[in-house]
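*Asks:* no sequence for this one, just the structure:
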């Protein structure tokens, strides 16, 4: 499983093993709070704001729209979001990241991401929760992270690292449950799509 550059790598070690004569199996896990499929709460970029354990689970679960971003697009802006109906509460963005397996193996530095203008469009559409098939919703070498700041500043949590390769565009029921880490700046999550 890849990690975003600078984040701790995933480490899983056997602590107890039936094969070694122990009465049970037990592993030790070491990972960052933004590992794999995870949720970014406002606290990820904004001090004195909602942490992952304070997010409304009703917002993270419910009807969701999955759209396909054309495979030749490297950025998601206003134009790529034109088909999203106003009032869409939960939006999932499937991009070329899914077909390239961007969330398995090594970190893909050429991942498709959302632009600041795209984030503004999501707010105009009143999207309240957005997900993408990359470990980050934005690519910003300057490390100012305007897309995160714009969305999280408007209390729009972000679901990153979702695996959407086998999901067709359309309406679904999304159930997203991040680990309830007290005062967490992020939380690894189990996110499941079911037919609407």
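*Replies:* Done, it's in. As the structure is a computational prediction, the values presented were derived from the model and not from experiment. Numbers count the residues shown, from 1 in each chain.

*Asks:* hey, let's count contacts and neighbours off CA atoms from now on
*Replies:* Will do.

*Asks:* How about residues contacting the lowest-mean-pLDDT helix or strand in the chain?
*Replies:* In the chain, the helix or strand scored least confidently by mean pLDDT, DSSP states H and E is helix 96-100, which has a mean of 89. Helix 96-100 is touched from outside by 69-73, 103, 111-112, 133-134, 163-165, with contacts defined as C-alpha atoms under 8 Å, 6 or more residues apart in numbering.

*Asks:* which of those has the weakest pLDDT?
*Replies:* In terms of pLDDT, residue 103 ranks lowest among these, with 64.

*Asks:* so what's the most centrally placed residue in the chain bridging to?
*Replies:* Nearest to the mean C-alpha position of the chain, counting by C-alpha atoms, centre = their mean, stands residue 160 at 1.3 Å. Beta-bridge partners for residue 160, by DSSP bridges, are residue 38, residue 132.

*Asks:* For residue 123, pull up the helix or strand it's in.
*Replies:* According to DSSP states H and E, residue 123 maps onto helix 116-124.

*Asks:* List the buried residues of that helix.
*Replies:* 116, 118-123 (16 or more other C-alpha atoms under 10 Å).

*Asks:* Closest one of the residues you listed to residue 139?
*Replies:* residue 116 (10.4 Å; C-alpha to C-alpha).

*Asks:* List the residues that contact that closest one.
*Replies:* 77, 146-147, 150.

*Asks:* if I look at the residue lying farthest from the centre of the chain, how far off is residue 27?
*Replies:* Distance from the C-alpha centroid of the chain, by C-alpha atoms, centre = their mean, peaks at residue 21 (39.7 Å). Separation of residue 21 from residue 27 (C-alpha to C-alpha, to the nearest Å): 15 Å.

*Asks:* Then residue 54?
*Replies:* Taken as C-alpha to C-alpha, the span from residue 54 to residue 27 is 28 Å.

*Asks:* which one of those two has more residues nearby?
*Replies:* residue 54 (14 against 11; other C-alpha atoms under 10 Å).

*Asks:* who's in contact with the nearest residue to that one once chain neighbours are set aside?
*Replies:* Excluding its sequence neighbours, the residue lying closest to residue 54 (C-alpha to C-alpha, 6 or more residues apart in numbering) is residue 183, at 7.9 Å. Counting by C-alpha under 8 Å, 6+ apart, residue 183 touches 51-54.
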